[in-house]
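Participant: with the input below, show me the fold.
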Amino acid sequence: MMAISSSDLLNEFTIYADKVVDEKETLIVQRSSGKNIVVMSMEQFNELQKEIFLAKNAQEKK
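Facilitator: Predicted coordinates:
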């Protein structure tokens with residue numbers, strides 16, 4: 001997991017976007033307002049959504 005500033009992301013978006021996708025890196029973008037965000041690949045996002053769905057269904061079956 002990497003943490004960068006929002007200005008770094010804007011200045012080097014393509015580099016960071018490729019790193020997120022190619023290296024399956026999660027990126028924390030720190031904003032001066034403190035309203036930070038997380039950037040992840042679509043593949044990672046879909047995997048996370050699947051895990052949440054499966055965990056929720058497992059709990060409902062109990």
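Participant: so what's Glu25 up against?
Facilitator: Met1, Met2, Lys19 (CB atoms under 8 Å, 6 or more residues apart in numbering). Placement of C-beta: from N, CA and C, glycine included.
Participant: quick one, helices of the protein?
Facilitator: According to DSSP state H, the chain carries its helices in the segments 6-11, 13-22, 42-60.
Participant: reformat the contacts of Glu25 as a markdown table; add distance to Phe53.
Facilitator: Shown next, in a markdown table, are the contacts of Glu25 (distance: CB to CB, whole Å):
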| residue | distance to Phe53 |
| --- | --- |
| Met1 | 23 |
| Met2 | 27 |
| Lys19 | 27 |
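Participant: ok, of those residues, which come out buried?
Facilitator: Lys19 (16 or more other CB atoms under 10 Å).
Participant: hmm, back to that, in TSV, list the helices of the chain along with distance to Gly34 and mean pLDDT.
Facilitator: Formatted as TSV, these follow (distance: least, CB to CB, whole Å; pLDDT from 0 to 100):
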stretch	distance to Gly34	mean pLDDT
helix 6-11	11	97
helix 13-22	20	97
helix 42-60	23	94
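Participant: what's the closest of those to Lys35?
Facilitator: Lys35 lies closest to helix 6-11 among the helices of the chain, at 9.8 Å (CB to CB).
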